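Asker: Quick one: sequence and predicted model below, then my questions.
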Amino acid sequence: MVPTVKLQSVHDAGRLYPAKAIGEQQQHKQEYREPDPQTQCLYRAVAAAFVTHQKNECGREAGDDQDEGNGDDNFHDGLHTALTNKTAPMHGKHGKGAILMRLHFRLRVIPLIATALVCAIGISLGNWQLRRAEEKRGLQQEMMDRANFDALNADTMAPDEIPEEFRRIVAYGEFQRDWAVYLDNRPLHGRSGFYLLMPLKLAGSDRAVLVQRGWFPRDVRDPTRLPVIPVPTSPVHLEGRVRLSAGRLMQLGEPVALAPGAIVQNIEVADVARASKLPLPTFIIEQTSDTGDGLIRDWPLPSTGIDTHRGYAVQWYALSAAALIFFIFTGFRRASH
């Protein structure tokens with residue numbers, strides 16, 4: 001019978017089996033060998049952040065604001081130290097690690113003054129553009145309101161009376177067919193064409209009024225060819241609205257002398273009155289009623305530029321915002337350097 005030996009400890013086993021004990025000890029040390037310093041630093045940082053976060057949560061639940069603030073400071077200070085100094089211990093005031101993330105801003109006087117001036121000018125000009133847009137909107141509304149006023153009668157108006165523009169007006173008389181004048185370069189709906197203007201001699205009077213009868217397209221094959229437009233042979237009753245001018249374009253070259261059938265780029269009522277020897281008032285009737293002549297009378301309202309002013313205002317505000325953003329960005333960037 002082989003006697004049994006009872007081992008009381010690991011040391012006894014080592015004495016009996018020295019080679020085996022030494023191998024087991026080396027394996028034990030290999031399994032529980034500590035990681036390298038970088039891994040230890042990362043482990044300690046994550047563990048410290050987690051522990052401090054848990055403590056802060058508990059502090060918030062308990063309502064201890066002071067302890068919570070201290071925990072946050074320790075969290076930032078500890079982990080910043082751990083990440084910037086691998087050999088430093090990862091312990092704060094309360095034994096916890098933390099992360100430090102701070103933003104620095106470098107304030108300089110000259111860029112500050114320049115940014116303030118740019119912002120002030122941009123905002124001021126943007127507000128001015130919005131005020132101009134509001135004024136133009138008021139003018140546009142006034143033009144629309146005048147169309148609802150009672151119509152004026154050209155037959156009963158004083159010779160030197162100047163009515164409000166865009167007021168409705170009626171007239172009764174006979175067209176002076178010998179004094180047709182054509183306004184060139186007047187596009188409509190994307191097509192090039194002419195405006196036909198002709199004096200209307202008021203019935204029962206020696207006075208006349210210049211009428212803008214309508215629009216017709218240009219002949220694409222022969223731009224100088226004018227169609228034959230019928231003219232009423234008897235007095236007509238027409239309706240229209242008051243215009244103070246026929247609109248002015250950039251004059252290209254020397255203006256053509258006014259004469260019956262002339263094609264001109266711009267026209268003034270006083271020039272027509274002087275050339276035709278007709279007593280004409282200073283306004284024009286923009287005809288809206290149909291007289292069976294085939295002319296188009298889809299008169300566009302003058303552009304008041306409301307959208308243009310609003311667009312300029314947006315640009316000025318954007319310039320101010322860009323200057324402010326650039327000032328803040330460069331301040332943080334210089335501080336970080």
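Answerer: Right, received. Where do you want to start? Numbering: from 1, shown residues only.

Asker: where do the strands sit along the stretch 51-200 of the chain?
Answerer: 152-153, 168-175, 181-183, 193-202 (DSSP state E, counting those that start in this stretch).

Asker: Next, the angle from the longest one to strand 168-175.
Answerer: Counting by axes from the mean of the first three to the mean of the last three C-alpha atoms, to 10 degrees, strand 193-202 lies at 80 degrees to strand 168-175.

Asker: how about JSON lines for the strands of the stretch 51-200 of the chain, with mean pLDDT added?
Answerer: JSON lines is the format used below for the strands of the stretch 51-200 of the chain (pLDDT from 0 to 100):
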{"stretch": "strand 152-153", "mean pLDDT": "92"}
{"stretch": "strand 168-175", "mean pLDDT": "94"}
{"stretch": "strand 181-183", "mean pLDDT": "93"}
{"stretch": "strand 193-202", "mean pLDDT": "94"}
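
Asker: okay, those in a markdown table with mean neighbour count and distance to residue 330 next?
Answerer: Backbone N, C-alpha and C define where each C-beta goes, glycine included. Listed next are the strands of the stretch 51-200 of the chain as a markdown table, based on neighbours: other C-beta atoms under 10 Å; distance: least, C-beta to C-beta, whole Å:
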| stretch | mean neighbour count | distance to residue 330 |
| --- | --- | --- |
| strand 152-153 | 16 | 64 |
| strand 168-175 | 19 | 61 |
| strand 181-183 | 21 | 56 |
| strand 193-202 | 22 | 56 |
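
Asker: Need the nearest residue in space to residue 219, chain neighbours excluded.
Answerer: In this structure, residue 219 finds its nearest non-sequential neighbour in residue 225, 4.5 Å apart by C-beta to C-beta, 6 or more residues apart in numbering.

Asker: Hmm, residue 194 and that neighbour touching each other?
Answerer: No. Counting by C-beta atoms under 8 Å, residue 225 stays clear of residue 194, with 10.9 Å between them.

Asker: low pLDDT regions in this protein?
Answerer: Along the chain, the model assigns pLDDT under 70 to residues 1-103, 333-337.

Asker: quick check: domain ranges of it?
Answerer: Per the record, the chain has its domains at 11-84, 125-249+267-304, by automatic domain parsing.

Asker: What is the end-to-end distance of the longest one?
Answerer: It stands for domain 125-249+267-304. Across domain 125-249+267-304, the straight-line distance between its terminal residues is 19 Å, by C-alpha to C-alpha, to the nearest Å.

Asker: quick one on the thing from earlier: what degree of burial does the residue nearest to residue 219 show, as a neighbour count?
Answerer: Using other C-beta atoms under 10 Å as the criterion, residue 225 is surrounded by 9 other residues.

Asker: Please identify the helix or strand for it.
Answerer: Using DSSP states H and E, no element contains residue 225; it sits outside every helix and strand.

Asker: mind listing what residue 310 touches?
Answerer: Listed by C-beta atoms under 8 Å, 6 or more residues apart in numbering, the contact set of residue 310 reads 129, 130, 133.

Asker: and what of residue 136?
Answerer: Taking C-beta under 8 Å, 6+ apart, we find residue 136 in contact with 304, 305, 306, 309.

Asker: can you check residue 242 too?
Answerer: Contacts for residue 242 were tallied using C-beta under 8 Å, 6+ apart; they are 152, 163, 164, 165, 166, 167, 168, 169, 283, 284, 285, 286.

Asker: bridging residues for it?
Answerer: Beta bridges link residue 242 to residue 285 when assigned by DSSP bridges.

Asker: Okay, it and residue 132: tell me how far apart.
Answerer: Computed with C-beta to C-beta, to the nearest Å, the distance linking residue 242 and residue 132 is 25 Å.

Asker: Helices of the stretch 151-300 of the chain, start to end?
Answerer: Using DSSP state H, counting those that start in this stretch, the helices of the stretch 151-300 of the chain run over residues 269-276.

Asker: hang on, the earlier thing: between the strands of the stretch 51-200 of the chain, which one is nearest to residue 221?
Answerer: Residue 221 sits nearest to strand 193-202 of all the strands of the stretch 51-200 of the chain, at 14.5 Å, using C-beta to C-beta.

Asker: in its sheet, what does that closest one sit against?
Answerer: For strand 193-202, the paired strands and their directions (DSSP bridges) read strand 168-175 (antiparallel), strand 181-183 (antiparallel), strand 208-217 (antiparallel).

Asker: My read is that residue 252 contacts residue 265, right?
Answerer: Yes. The pair residue 252 / residue 265 is scored as a contact, 6.7 Å apart, by C-beta under 8 Å.

Asker: who has more neighbours, those two?
Answerer: Just comparing residue 252 and residue 265: by other C-beta under 10 Å the higher neighbour count belongs to residue 265, 16 against 9.

Asker: just checking, that one touches residue 183?
Answerer: Yes. With contact defined as C-beta under 8 Å, residue 265 reaches residue 183; the gap is 7.3 Å.

Asker: who's in contact with residue 327?
Answerer: Counting by C-beta under 8 Å, 6+ apart, residue 327 touches 111, 112, 115.

Asker: quick one, what contacts residue 129?
Answerer: Applying C-beta under 8 Å, 6+ apart, the residues contacting residue 129 are 309, 310, 312, 313, 316.

Asker: circling back: quick one: the strands paired with strand 193-202 as CSV, columns for distance to residue 256 too.
Answerer: As requested, the strands paired with strand 193-202 are arranged in CSV below (distance: least, C-beta to C-beta, whole Å):
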stretch, distance to residue 256
strand 168-175, 22
strand 181-183, 10
strand 208-217, 17
